[in-house]
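S.K.: Based on what follows, work out the 3D shape:
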Amino acid sequence: MSRAATPAIAVLVAAQVPHQVLRYHHDPRRQTFGDEAVEQLAADGVVAEQVFKTLIVAIPSGLAVAVLPVGSQLSLKATAAALGVAKAAMADPVAAQRSTGYVLGGISPLGQRKPLPTVVDVSALDFEMVLCSAGQRGWDIALAPADLIRLTGAVTADIRAR
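M.R.: Next up is the predicted model:
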């Protein structure tokens, strides 16, 4: 068996979870990573609402993960409530990279250096498959939302800002 390309893919292979790795051209000048994924993957028939971004938030006990559709804004208040904490704020990008082992634009909810409390937006359950970062810019993983939730130990909640 060959070594998986990223820790996120290795988690899926080890758990024998059906998945597909989708690759697209990442323009290194772009900093809107999620938007780039949506634009590039639409050509493959992917619906924008199926493409999820992974955001790292700071909570009183450390860091946590929020996974929500690329086109949505994160509600920090709803995220804190879902995680059972008083407040949440966006994490420092350097701390996010150090904790997860991934670079910005390539942070996957799977295969992080240490497991973090995770919340997946409930809208993921509307789809048979959702996409999230495979752990490298220009790579996404398509998998069943139930597998994403199970492998990350996530709770689900509506964490989109209204």
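S.K.: So what touches the helix or strand bottoming out on mean pLDDT in the chain?
M.R.: In the chain, no helix or strand scores lower on mean pLDDT, DSSP states H and E than helix 33-42, which sits at a mean of 72. Contacts with helix 33-42, where a contact means Cβ atoms under 8 Å, 6 or more residues apart in numbering, come from 22, 24-27, 30, 46, 48, 51, 53, 70-71, 104-106, 131, 133, 137, 140. From N, CA and C alone the C-beta is placed, and that goes for glycine too.
S.K.: Pull out the buried residues from it.
M.R.: Across helix 33-42, burial judged by 16 or more other Cβ atoms under 10 Å covers F33, G34, E36, A37, V38, Q40, L41.
S.K.: could those residues be laid out in JSON lines, adding distance to V120?
M.R.: Formatted as JSON lines, the buried residues of helix 33-42 follow (distance: Cβ to Cβ, whole Å):
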{"residue": "F33", "distance to V120": "18"}
{"residue": "G34", "distance to V120": "15"}
{"residue": "E36", "distance to V120": "22"}
{"residue": "A37", "distance to V120": "17"}
{"residue": "V38", "distance to V120": "18"}
{"residue": "Q40", "distance to V120": "23"}
{"residue": "L41", "distance to V120": "19"}
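S.K.: What is the nearest of these to A95?
M.R.: When these are compared for distance to A95 (Cβ to Cβ), F33 wins out at 18.0 Å.
S.K.: for the protein, which spans come out with low pLDDT?
M.R.: Along the chain, segments meeting pLDDT under 70 span 1-4, 26, 28, 30-33.
S.K.: Return the residues in contact with the residue most central in space within it.
M.R.: The centroid of the chain falls nearest to T54 when counting by Cα atoms, centre = their mean (3.1 Å). T54 makes contacts with V65, A66, V67, I107, S108, P109, C132, S133, as judged by Cβ under 8 Å, 6+ apart.
S.K.: ok, of those residues, which come out buried?
M.R.: Neighbour-count burial (16+ other Cβ under 10 Å) applied to the contacts of T54 gives V65, A66, V67, I107, S108, P109, C132, S133.
S.K.: Just the ones of the contacts of T54 in strands?
M.R.: Per DSSP state E, strands hold the following members of the contacts of T54: V65, A66, V67, C132, S133.
S.K.: which residues sit in contact with the second one?
M.R.: The reference is to A66. Contacts for A66 were tallied using Cβ under 8 Å, 6+ apart; they are T54, L55, I56, V57, L74, T79, T118, V119, D121, I159.
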